[in-house]
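Participant: coordinates only, no sequence provided:
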């Protein structure tokens, strides 16, 4: 064994006394080499401290062991919780995960997609920007790589695992109508398909109850700063006479966070108890929703189940042979029911 620094796979092969192809075979799949050879390599790894460039290893494979994940906001606890569940499942299945954020920017999303293609990923999970996404680029990725969308689908036909907005908005709208004033609807910026589908779901829920929907007119922006959007729109509405009802249903919890802050600033008391001025509810059960003041009534997306089912679908597609691919459905569309979470805001 040589005393010279071990920097490359060739150096390590010389150090361990095996051929370069045998060492590469081990790093591609440790169980593919004999037990004695595997033990020899593992001892040499401990002695030398050598760590191969796994991205380079994967680039040389026909099929890599990298799963790519693209999310629209790396600082949002919702996406972080979802990503964490995916990472744990991927690790147990023997895959590395590579997480990229588009930061709400279509050009960054396109760059992230091309990065995944260059890494020869085995498959990908993606929460797309939707209306701003490079749809042709995404469809091209989906044609060459197993691809599952989460949180919001790219379109009406793409493989998707997420919450059934119709069910969730029926659930919370029904509760709000039974417990107080029917809700008006404070939407979200038009950054993905949820912006439209949730508004439609609210309107349908109100009409099923034979009530007139009240969709508030809001600024037409495409900004992922939902809290600021909710805050500024609520201030504008309050300063122009207030909401048309004493109940506000927000498109998501982050919009509701901003609405609560604005209402507090204008001296309004939020809650469902006697003497309160306004009820505010959200959607998603964002990890921070239980810590608002007052804690936010909402409907919970089951992000652990979304992660599990999305990975189950993705791994099934990755593991399928060419002949088995023909028997898989063209698209997986899984819509999960939400759970009503009652807190003191509504």
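Facilitator: Right, received. Where do you want to start? All of these numbers come straight from a predicted model, not from anything done at the bench.

Participant: from here on, contacts and neighbour counts on C-alpha atoms
Facilitator: Will do.

Participant: so where do the strands sit in the chain?
Facilitator: Assignment of strands within the chain using DSSP state E yields the ranges 66-71, 96-101, 123-126, 147-150, 160-163, 184-186, 247-250, 279-281, 298-300, 333-336, 339-341.

Participant: need the winner for burial among the ones you listed.
Facilitator: strand 279-281 (a mean of 29; mean count of other C-alpha atoms under 10 Å).

Participant: sorry, back to before: in TSV: the strands of the chain, plus mean pLDDT and distance to residue 233.
Facilitator: TSV is the format used below for the strands of the chain (pLDDT from 0 to 100; distance: least, C-alpha to C-alpha, whole Å):
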stretch	mean pLDDT	distance to residue 233
strand 66-71	92	26
strand 96-101	90	27
strand 123-126	92	29
strand 147-150	92	28
strand 160-163	92	26
strand 184-186	98	9
strand 247-250	98	11
strand 279-281	98	14
strand 298-300	97	20
strand 333-336	91	30
strand 339-341	97	25
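
Participant: I'd like those as CSV, with distance to residue 231 appended.
Facilitator: What follows is those, written out as CSV (distance: least, C-alpha to C-alpha, whole Å):
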stretch, distance to residue 231
strand 66-71, 24
strand 96-101, 25
strand 123-126, 28
strand 147-150, 27
strand 160-163, 25
strand 184-186, 11
strand 247-250, 12
strand 279-281, 13
strand 298-300, 18
strand 333-336, 30
strand 339-341, 23
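
Participant: nearest to residue 45, of these?
Facilitator: Nearest to residue 45 among those is strand 96-101; the distance by C-alpha to C-alpha comes to 19.5 Å.

Participant: direction included, what does that closest one pair against?
Facilitator: Here strand 96-101 has these sheet partners by DSSP bridges: strand 66-71 (parallel).

Participant: quick one: contacts of the strand it pairs with?
Facilitator: Around strand 66-71, the neighbours that count as contacts under C-alpha atoms under 8 Å, 6 or more residues apart in numbering are 58, 79, 83, 90, 95-103, 109, 112-113, 116, 119-128.

Participant: if you set the cut-off to 6 Å instead, what comes out?
Facilitator: Identification of contacts with strand 66-71 by C-alpha atoms under 6 Å, 6 or more residues apart in numbering yields 95-101, 121-127.
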